[in-house]
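J.: for reference, the sequence and a predicted model appear below.
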Amino acid sequence: MAYDVFLVYANEDKDTAALVARRLRALKFKVRFNKAGEKPTFDDKDARDALKSQSMLILWSKDAVQSDWVRAAASVGHSRSGMLVEAALDKTVPYEPFRNHKRFDISGFTPRNAVEGWYLTVEELGRRDGRKDLRAWIDIPNKDEDAKTAWLSEHPTDPLALHADALREKKRAAKPAPAPAAAGAAALTASAIGQGPATAAPAPATARPVAAAATTPRKPEQPPALEADQTNDIEWLIPAVLAGIAALFYLSYLNRSQPLPRGPAIANAEFGINVCPAGTVPSNLLPAPILEPGPIINDTE
């Protein structure tokens, strides 16, 4: 894959490098940046990616001048004329042959602070890609859509404009066009509710059945009629319930309480009074060994 910018930095400066990569990608630069940090050894794949890049941006710092990976990458970039773009994260002066090279001071560059050296770095990278006025784009507030639209219209071939065009085409393709039949039906419906035929667009031939259906007054919906088997169920259910109630009354009449027959049985209090005169006890309740007839014994003496 070809890159616009091959980013070179020390692992100790990874946070600043991530911010630089994120801002460049927002400007639609293709940036070669490894989030996990660069490997200790500059291998063949790194060399191929560097040589396929338009520019190499080196972030010089006190840690970068001591990094073997940065040294190897800088040597590859220096071997190709016009490839290097150099920026300084601090006051460190790199070794030869980079000591006297031009470096853009981006010390103090933060998400909220775009220093002058950052503008110069972006303009230099853009110039090598044939891009112009990137400083003006960076200064446009996020909510100023009119200024953004004007800038994009003035730079129709810039990657930012091409990206915006691609987004518009994607949205246009995702939004389905209104069906002709639906459009005709909507127009005739608007005419029917009082807008008049002058404001309603004529419906196409394919929309006539739909339009007829739309102008026909609809009857209020009626509840669905009962099916035949449901009607039959209701017709025999009521007589069955009434027959069951009548059967219960009949069974209760047959099993009603009956008076006990008159006789000597003492299970009934009334009959016990009639059979046993006052002052007597039925003989079957008195055991013979205890209540044998005989003289009364006075056991108090």
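T.: In hand now; what should we look at? Numbering: from 1, shown residues only.
J.: the stretch 101-250 of the chain: strands as residue ranges?
T.: Listed in chain order, the strands of the stretch 101-250 of the chain (DSSP state E, counting those that start in this stretch) span 103-105.
J.: low-confidence ranges in it?
T.: Low-confidence segments of the stretch 101-250 of the chain, defined by pLDDT under 70, span residues 175-235.
J.: if we go to 80?
T.: 175-237 (pLDDT under 80).
J.: what segments of it are helices?
T.: 116-128, 134-139, 145-154, 159-174, 180-190, 208-215, 228-254 (DSSP state H, counting those that start in this stretch).
J.: quick one: D4 is in a strand?
T.: Yes - assessed with DSSP: H, G, I helix; E, B strand; the rest coil, D4 lies in a strand.
J.: coming back round to it: out of the helices of the stretch 101-250 of the chain, which comes closest to Q54?
T.: Among the helices of the stretch 101-250 of the chain, helix 116-128 comes nearest to Q54, with 5.9 Å by Cβ to Cβ. For every residue, glycine as well, the C-beta is placed using N, CA and C.
J.: could I have the CA atoms of the closest one written out in PDB?
T.: C-alpha atoms of helix 116-128 as PDB (Å, rounded to 0.1, in the frame of the first residue of the first chain):
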ATOM      1  CA  GLU A 116       2.500  27.600  14.000                       C
ATOM      2  CA  GLY A 117       4.900  24.800  13.400                       C
ATOM      3  CA  TRP A 118       2.000  22.500  12.900                       C
ATOM      4  CA  TYR A 119       0.500  24.700  10.200                       C
ATOM      5  CA  LEU A 120       3.900  24.800   8.400                       C
ATOM      6  CA  THR A 121       4.300  21.000   8.600                       C
ATOM      7  CA  VAL A 122       0.800  20.400   7.100                       C
ATOM      8  CA  GLU A 123       1.400  22.900   4.300                       C
ATOM      9  CA  GLU A 124       4.700  21.300   3.400                       C
ATOM     10  CA  LEU A 125       3.200  17.800   3.300                       C
ATOM     11  CA  GLY A 126       0.200  19.200   1.300                       C
ATOM     12  CA  ARG A 127       2.500  20.900  -1.200                       C
ATOM     13  CA  ARG A 128       4.300  17.700  -2.000                       C
END
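J.: what comes up buried for that helix?
T.: G117, W118, Y119, L120, T121, V122, E123, E124, L125, G126 (16 or more other Cβ atoms under 10 Å).
J.: got TSV for these, with distance to A36 too?
T.: Output for the buried residues of helix 116-128, formatted as TSV (distance: Cβ to Cβ, whole Å):
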residue	distance to A36
G117	27
W118	25
Y119	29
L120	29
T121	24
V122	25
E123	30
E124	28
L125	24
G126	28
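J.: next, the angle from the lengthiest strand in the chain to helix 116-128.
T.: Longest strand in the chain, counting residues (DSSP state E): strand 53-60. With axes from the mean of the first three to the mean of the last three Cα atoms, to 10 degrees as the criterion, the two stretches strand 53-60 and helix 116-128 enclose an angle of 160 degrees.
J.: which residues sit against strand 53-60?
T.: Applying Cβ atoms under 8 Å, 6 or more residues apart in numbering, the set of residues contacting strand 53-60 from outside is 2-10, 13, 16-17, 20, 32, 50, 64, 70, 73-74, 76-77, 83-89, 92, 94, 98, 103, 106, 121, 125, 128-129.
J.: can you check stretch 241-256 too?
T.: Contacts of stretch 241-256 (Cβ under 8 Å, 6+ apart): none.
J.: list the neighbouring strands of the helix or strand where A87 lies plus their orientation.
T.: Secondary structure from DSSP states H and E places A87 in strand 84-88. Strand 84-88 has the following strand partners under DSSP bridges: strand 53-60 (parallel), strand 103-105 (parallel).
J.: identify whichever of the helices of the stretch 101-250 of the chain lies nearest to R25.
T.: Of all these, it is helix 159-174 that lies closest to R25, at 10.7 Å by Cβ to Cβ.
J.: what residues of the closest one count as buried?
T.: Residues of helix 159-174 classed as buried by neighbour count (16+ other Cβ under 10 Å): P159, L160, A161, A164.
J.: what values do phi and psi take at L7?
T.: Its backbone dihedrals place L7 at phi -90, psi 130, with angles given as degrees, to the nearest 10.
J.: and it, how many neighbours does it have?
T.: Residues lying near L7 (other Cβ atoms under 10 Å) number 23.
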